[in-house]
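Student: coords please:
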Amino acid sequence: MKKFINLSMIIGLVFTLTFIGCEDRSDLTAPSAPSTGSADFTKLVSIGNSLTAGYQNSSLYQSGQENSFVKLIADQVGTSFAVPYISEPGIPARLYVNSLYDAQGNLSPDIKSKEGLGSPLNLDYAAPYNNLGIPGAIIYDVIDETDFAAKSTARANPYFQIVLRNQALGASILKQAINLQPTLLTLWIGNNDVLGYATSGGTKGTDITGTLPTDVNVFNTLYTQIIGGLLQANPNLKIATANIPNIKAIPFFTTVGARVAQAITAAQAANPQVQGLVYFMGDNVTFNVATPADLASYKVLLTLVSSPAAAKIGQPFNWYETVGASVPPNVDVNFPFGVTPQNPWPNAYILDQVEIGNVETATTAFNQTIANTVAANPNNMVLVNIFSEFNVIASKSGPSGEGYVTQGVRVKADFISGGLFSLDGVHPTNLGHGIVANMFINAINA
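Tutor: From the prediction side, this is the model:
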């Protein structure tokens, strides 16, 4: 990490659009209405998860929702687009940077949650929302007709009730979308069917056992069912669907905090036998060591090395206290990331080689299903290849990367300093949503 860049830059509207002419204008010159060609944005509807909802900085809040990629597109083409807005500081309270450096001047980001809690602003909207992105939703949730309030309680996820509200509007996400009679629909689903497993360090999953990513055959069946339901309701519907990005392109899995890097270096200097980061393997019994070279090449992926309670990125923490466990004898709680097998990094904070393989296998299979479905419906569907585009950005990131340039703005996939991802390390910033919107627009234009 180099230095902090203001993540609230107003660069959502960075589009290079076929249907928007880019000209120099004075402040008094009103832009002409865009030409959208044969794309019909009269009724734009979006199905998805947190990425569609505009969730960023670990929260759903109005200013983030207003800059979701699909809201940016709707605003550009001038179509009505209802959103389930939540007041500041969001649900849960959004993250912010409290400080970047410690007392010694070392780069050590201190990220905190704002005080208080937001609340829904337009629950009484009389129709389904156009933005049906629900943070935490997996592919099954699109067709699931479980009572929304009961589901919110059972899943500890209030967004099902906030977004869907009333089954009279439609008994599922899919049915509410169909009831809006969309002319154009964006679909970006399946991310959480991999991400939930990955962010838990391979300790939780979305398959029937709750231990692995969603089963490939189940995903294929559900995705086919969703597209079939949409096209049965409207055979002329146009669908722009995005695939699932590579987790290696996401800073949540590629950020090695400054304190961890310093500690590994110090440990090696004091004891040459120490080769890197000692961690629990997936079975929570065996140990392994991630060398600095492994960390640099993402062979071992680290979640944000932080205390979930304090949300301090890259700083040591007493994880025994965090999980309510007693401290074993001869364990230094101030050095928990491990220099000996007696003091390893917990399994939940590491993706080992087997777990990485599970993630990559699922991502490849899900993306193949999406690609095959698009190919089978060439008159109705177009693919937005987020996987490929984010890989390009990631390849230009890091200390020696030249960055990805769009409309004269240079971004990277690096945590905090890159500008593409928000403070949770997973969800895009306003700028990131502008870039994603461009990806959708380019696919629609094509």
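Student: so who does D207 touch?
Tutor: Neighbour list for D207: P213, T214, D215, V218 [criterion: CB atoms under 8 Å, 6 or more residues apart in numbering]. (C-beta placed from N, C-alpha, C; glycine too.)
Student: who wins on neighbours among the residues you listed?
Tutor: Neighbour tally across those (other CB atoms under 10 Å): the maximum, 26 neighbours, falls on P213.
Student: return the distance of that residue relative to K112.
Tutor: Remark: distance between P213 and K112 (CB to CB, to the nearest Å) = 32 Å.
Student: now swap in G105 and tell me
Tutor: From G105 across to K112, the span is 20 Å (CB to CB).
Student: same question for S152.
Tutor: Noted for S152: a distance of 26 Å to K112, by CB to CB.
Student: which one of the two has more residues nearby?
Tutor: Legend: neighbour count by other CB under 10 Å for S152 and K112, higher for S152 (18 against 15).
Student: check contacts around the more buried one.
Tutor: Residues near S152 by CB under 8 Å, 6+ apart: P158, Y159, F160, Q161, I162.
Student: and the second one, what does it touch?
Tutor: Contacts of Y159 were listed using CB under 8 Å, 6+ apart, and they are A53, L60, I91, I134, P135, G136, A137, S152.
Student: and what of the last one?
Tutor: I162 makes contact with P84, I86, I91, P120, L123, S152, according to CB under 8 Å, 6+ apart.
Student: buried ones among these?
Tutor: P84, I86, I91, P120, S152 (16 or more other CB atoms under 10 Å).
Student: make TSV out of these and add distance to T186.
Tutor: As requested, the buried ones among the contacts of I162 are exported to TSV (distance: CB to CB, whole Å):
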residue	distance to T186
P84	16
I86	21
I91	23
P120	22
S152	24
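Student: of those residues, which pair is most distant in space?
Tutor: I86 and S152 (14.1 Å; CB to CB).
Student: restricted to helices, list the contacts of Y159.
Tutor: Mapping those onto helices (DSSP state H) picks out A53, S152.
Student: for the contacts of Y159, which one is nearest T199?
Tutor: Nearest to T199 among the contacts of Y159, counting by CB to CB, is G136 at 11.3 Å.
Student: quick check, D75 in a helix?
Tutor: Yes: counting by DSSP: H, G, I helix; E, B strand; the rest coil, D75 is part of a helix.
Student: what about it, how many neighbours?
Tutor: When neighbours are counted by other CB under 10 Å, D75 registers 15.
Student: what's the pLDDT at it?
Tutor: With respect to pLDDT, D75 scores 96.
Student: then S417?
Tutor: With respect to pLDDT, S417 scores 86.
Student: tell me the secondary structure at it.
Tutor: Following three-state DSSP, S417 is assigned to coil.
Student: what's the burial count for it?
Tutor: Around S417 there are 18 residues (other CB under 10 Å).
Student: please apply the same query to Q104.
Tutor: 6.
Student: against V256, how distant is it?
Tutor: Distance, Q104 to V256, using CB to CB: 19 Å.
Student: give me the next element, helix or strand, following the helix ranked longest in the chain.
Tutor: Longest helix of the chain, by residue count under DSSP H: helix 353-376. Using DSSP states H and E, the next helix or strand after helix 353-376 towards the C-terminus is strand 381-384.
Student: and the helices in the protein, which stretches?
Tutor: Shown for the chain, the helices assigned by DSSP H span residues 50-53, 62-65, 69-77, 148-154, 159-164, 173-179, 192-199, 216-233, 258-270, 292-296, 319-322, 353-376, 386-395, 430-445.
Student: using a markdown table, lay out the contacts of Y159 together with distance to G201.
Tutor: Converted to a markdown table, those look like this (distance: CB to CB, whole Å):
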| residue | distance to G201 |
| --- | --- |
| A53 | 25 |
| L60 | 24 |
| I91 | 25 |
| I134 | 24 |
| P135 | 20 |
| G136 | 18 |
| A137 | 21 |
| S152 | 26 |
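Student: in CSV: the contacts of D207, plus distance to D207 and pLDDT.
Tutor: Converted to CSV, the contacts of D207 look like this (distance: CB to CB, whole Å; pLDDT from 0 to 100):
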residue, distance to D207, pLDDT
P213, 6, 97
T214, 6, 98
D215, 5, 97
V218, 7, 98
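Student: by mean pLDDT, which helix or strand of the chain comes out lowest?
Tutor: helix 319-322 (a mean of 50; mean pLDDT, DSSP states H and E).
Student: out of the buried ones among the contacts of I162, which is nearest to A371?
Tutor: Closest to A371 out of those is P84 (30.7 Å), distances taken as CB to CB.
Student: which residues does that closest one contact?
Tutor: Q65, P120, N122, L123, Y125, Y129, N131, I162, V163.
Student: now with 10 Å?
Tutor: Taking CB atoms under 10 Å, 6 or more residues apart in numbering, we find P84 in contact with 53, 60, 62, 65, 120-123, 125, 128-134, 159, 162-165.
Student: over to G64?
Tutor: 53-57, 71, 86, 88, 90, 94, 422, 427-430, 433.
Student: so where's this protein uncertain?
Tutor: Low-confidence segments of the chain (pLDDT under 70): 1-28, 30-31, 33, 106-108, 257-268, 270-276, 284-285, 302-344.
Student: the same query, at a cut-off of 80, please.
Tutor: 1-35, 100-110, 256-349 (pLDDT under 80).
Student: count the neighbours of G90 for me.
Tutor: Residues contacting G90 under the criterion other CB under 10 Å number 26.
Student: for it, which non-adjacent residue is spatially closest?
Tutor: Leaving out its chain neighbours, the residue that sits closest to G90 by CB to CB, 6 or more residues apart in numbering is Y61, at 3.0 Å.
Student: now do the one you found against L185, distance only.
Tutor: Distance, Y61 to L185, by CB to CB: 25 Å.
Student: likewise A149?
Tutor: The value you get for A149 to L185, if CB to CB is used, is 26 Å.
Student: more crowded one of these two?
Tutor: More crowded of A149 and L185, by other CB under 10 Å: L185, with 25 against 15.
Student: over to A39: give its phi and psi.
Tutor: Main-chain torsions, A39, degrees, to the nearest 10: phi -70, psi 130.
Student: what about the residue lying closest to V426 once chain neighbours are set aside, how many residues nearby?
Tutor: Spatial nearest neighbour of V426, chain neighbours left out: F252 (4.8 Å); criterion: CB to CB, 6+ apart. Around F252 sit 19 other residues, with neighbours defined as other CB under 10 Å.
Student: number of nearby residues for A362?
Tutor: A362 has 25 nearby residues by other CB under 10 Å.
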